[in-house]
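**Q** the following block contains a protein sequence and its predicted model.
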Number of protein chains: 2
Amino acid sequence: MAAMGPRHRVISDAIRAEISHGDLPPGAHLPSEAELGERFAVSRTTVRAALMSLANEGLIASESGRGWFVRERQQLVYRPQEEFRPVPASAEMDHFMAARTAEGRQPSQTIEVAIVTPPEPVARRLGLQEGEPAVVRRRVRSLDGEPWNTNDSYFPLSLVDGSEIMTPVDIARGASQVLAELGYYQDRALDEVHIRMPTPDEMRRLALGPGTPVAIHVVTGYTESGQPVRVVVNVLPGDRHVIAWERQRPRPEQG
Amino acid sequence: MAAMGPRHRVISDAIRAEISHGDLPPGAHLPSEAELGERFAVSRTTVRAALMSLANEGLIASESGRGWFVRERQQLVYRPQEEFRPVPASAEMDHFMAARTAEGRQPSQTIEVAIVTPPEPVARRLGLQEGEPAVVRRRVRSLDGEPWNTNDSYFPLSLVDGSEIMTPVDIARGASQVLAELGYYQDRALDEVHIRMPTPDEMRRLALGPGTPVAIHVVTGYTESGQPVRVVVNVLPGDRHVIAWERQRPRPEQG
DNA sequence: GAGTGGTCTAGACCACGTA
DNA sequence: ACGTGGTCTAGACCACTCG
């Protein structure tokens, strides 16, 4: 016999096993809390502790009045390098939009422009003084009407004031191109990916269920002289994205 | 007045605000559940619902018999490209170990070699037949005695049988070098990063608290002819890693 | 209206850490 | 011994969904 531990643990282990063995496939309706209480001879509170635990692992989710369901995850490939190209693939859409359309999905986005005091991590990356303003272009990208990820681009206000970047519409030739025309060509970039649970704000904005972590992909763009000119913050729900890239022929003499 | 919602929500919002404002700094001891129950005039069950919610966001953690504490997160930079270099930085340590030592930390690792039927995603990437065996070199890397991440390298048994790869000790010149000597030079690689909550197994192996998501960094190495020769699965706890890389001078004429 | 999950209570017993 | 969190119970009322 294996060590049993607390009863809610026994229950969640049993259900998790049913899920991973495929007895409860994605989308399946779980037995009701009352029924599970009878099956395992425990109170409803204990059943709920087990279900909550599985929900926080991202395996199941509840719909009020309907029951508990095994989650289905549908992941799209996210290619970091596509998020930083000087020229977008088409005049009307950026790479995200173009790539998703090619996959037969119906992409859409909302764009919102604001002048803000950026959050501290962004201000630090942009080299802004305390309280110095920045322009943020906030986008929520959706697929078939469901929010998919967010993309917030920050620019120092002093660099882009009055330019096309401050208009809340899609910039056909790309924000990088506008920056270049203003004399700030992005020569290199630093990419960072942070992994954490979403804030309540992010959960609302992206309609995330419990147990859904996010990747925060932060790109800081610099000119050749080393001046930071742009910070892009992408929030990628883990159940909807796989980050992927390719590497060629590593050369031993390097590094 | 803002909409209040359920009481456990009000409590978790209040504590979350105290944490983000710095009134409860990292490491701080929260009031006891009983005390919070008095302060908010609710039962202990409701207090616990609020605390559990914060724990699942990764903000706080409990220590049995001691209380609840605000989590401290210490992140190290993880550079994906370092995980796939033909020659390690030194004879005794791989890149992870060398980089961490340079930072003044005390790295250590356990190595375990086994012949297994790999999990389906690994078998698929290696192009193995159903049930075909592979060699796995399992490593747990620790820093100052705490488990930090895991690194499991899978090789088709048919390629590496009898070679140095099957010895459970550090390979001074690197597994890539051994593969090359066997006639399988890794010419290119596909990198993937998946974001999800850890399995119970991973939680044990890495001593993870609740609300700690992981990044799964999977590297599939190919020879010039396109034959997959290695799959590396890195499990990176989100509270301990930032994935970072740099990009140079994107060229418009490309792709 | 019947069934589902969402919230909340009051109380109990246990295991653990600290003094 | 005492205070802490961990587990569990039995029961209640509510909001939501569906037939």
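**A** Arrived safely. Residues are numbered from 1 along each chain as shown, chains lettered A, B, ... in the order given.
**Q** which parts of the stretch 51-200 of chain A are helices?
**A** Along the stretch 51-200 of chain A, counting by DSSP state H, counting those that start in this stretch, helices occupy A:95-102, A:120-126, A:157-160, A:175-181, A:200-206.
**Q** ok, residue A:42 touching residue A:7?
**A** Yes - with contact defined as C-beta atoms under 8 Å, residue A:42 reaches residue A:7; the gap is 5.5 Å. Yep, even glycine has a C-beta here, placed from its N, CA and C like the rest.
**Q** re the thing from before, make TSV from the helices of the stretch 51-200 of chain A and add distance to residue B:165, mean pLDDT and mean neighbour count to it.
**A** Formatted as TSV, the helices of the stretch 51-200 of chain A follow (distance: least, C-beta to C-beta, whole Å; pLDDT from 0 to 100; neighbours: other C-beta atoms under 10 Å in any protein chain shown):
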stretch	distance to residue B:165	mean pLDDT	mean neighbour count
helix A:95-102	38	67	17
helix A:120-126	41	96	17
helix A:157-160	52	94	17
helix A:175-181	44	89	18
helix A:200-206	43	94	15
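**Q** name the residues of the stretch 101-250 of chain A found near chain B, please.
**A** A:186-197, A:199-200, A:210-211, A:213-215, A:236, A:238-239, A:241-250 (C-beta under 8 Å from any C-beta of the partner chain).
**Q** just to revisit the earlier point, indicate which one of the helices of the stretch 51-200 of chain A is closest to DNA strand D.
**A** helix A:200-206 (16.6 Å; C-beta to the nearest atom of the strand).
**Q** quick one, which of the helices of the stretch 51-200 of chain A gets closest to residue A:16.
**A** Each of those has some distance to residue A:16 by C-beta to C-beta; the shortest is helix A:200-206, at 23.4 Å.
**Q** give me the sheet partners of whichever helix or strand comes after that closest one and which way each runs.
**A** Downstream of helix A:200-206, the first helix or strand assigned by DSSP states H and E is strand A:214-222. Neighbouring strands of strand A:214-222 in its sheet, by DSSP bridges, are strand A:188-196 (antiparallel), strand A:228-237 (antiparallel).
**Q** make CSV out of the ones you listed and add mean pLDDT and mean neighbour count.
**A** Shown next, in CSV, are those (pLDDT from 0 to 100; neighbours: other C-beta atoms under 10 Å in any protein chain shown):
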stretch, mean pLDDT, mean neighbour count
strand A:188-196, 95, 20
strand A:228-237, 96, 23
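**Q** now those strands as TSV including distance to residue A:162?
**A** Output for the strands paired with strand A:214-222, formatted as TSV (distance: least, C-beta to C-beta, whole Å):
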stretch	distance to residue A:162
strand A:188-196	25
strand A:228-237	16
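**Q** want to throw those into JSON lines with distance to DNA strand C?
**A** Output for the strands paired with strand A:214-222, formatted as JSON lines (distance: least, C-beta to the nearest atom of the strand, whole Å):
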{"stretch": "strand A:188-196", "distance to DNA strand C": "23"}
{"stretch": "strand A:228-237", "distance to DNA strand C": "19"}
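**Q** so which of those gets nearest residue B:131?
**A** strand A:188-196 (33.6 Å).
**Q** lowest-pLDDT helix or strand in chain A?
**A** helix A:95-102 (a mean of 67; mean pLDDT, DSSP states H and E).
**Q** okay, strands next: where are they in the stretch 1-150 of chain A?
**A** A:60-63, A:67-70, A:76-78, A:107-116, A:134-143, A:146-156 (DSSP state E, counting those that start in this stretch).
**Q** which ones are touching the residue lying closest to residue A:214 once chain neighbours are set aside?
**A** Of all residues not flanking residue A:214 in the chain, residue A:198 sits nearest, at 4.8 Å (C-beta to C-beta, 6 or more residues apart in numbering or on different chains). Residue A:198 makes contacts with A:206, A:208, A:212-214, A:235, A:237, as judged by C-beta atoms under 8 Å, 6 or more residues apart in numbering or on different chains.
**Q** what subset of the residues you listed is also close to DNA strand D?
**A** Among these, no residue lies close to DNA strand D (C-beta under 7 Å from any atom of the strand).
**Q** let me know the closest of those to chain B.
**A** Using C-beta to the nearest C-beta, residue A:213 comes nearest to chain B of the contacts of residue A:198, at 3.2 Å.
**Q** tell me the contacts of the closest one?
**A** A:58, A:195-198, A:238, B:195-197, B:213, B:238.
**Q** quick revisit: looking at the strands of the stretch 1-150 of chain A, which is nearest to DNA strand D?
**A** strand A:60-63 (6.6 Å).
**Q** which of the residues in that closest one are classified as buried?
**A** For strand A:60-63, a neighbour-count test (16 or more other C-beta atoms under 10 Å in any protein chain shown) marks A:60-62 as buried.
**Q** would you mind giving those residues as CSV with pLDDT added?
**A** Formatted as CSV, the buried residues of strand A:60-63 follow (pLDDT from 0 to 100):
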residue, pLDDT
A:60, 98
A:61, 97
A:62, 97
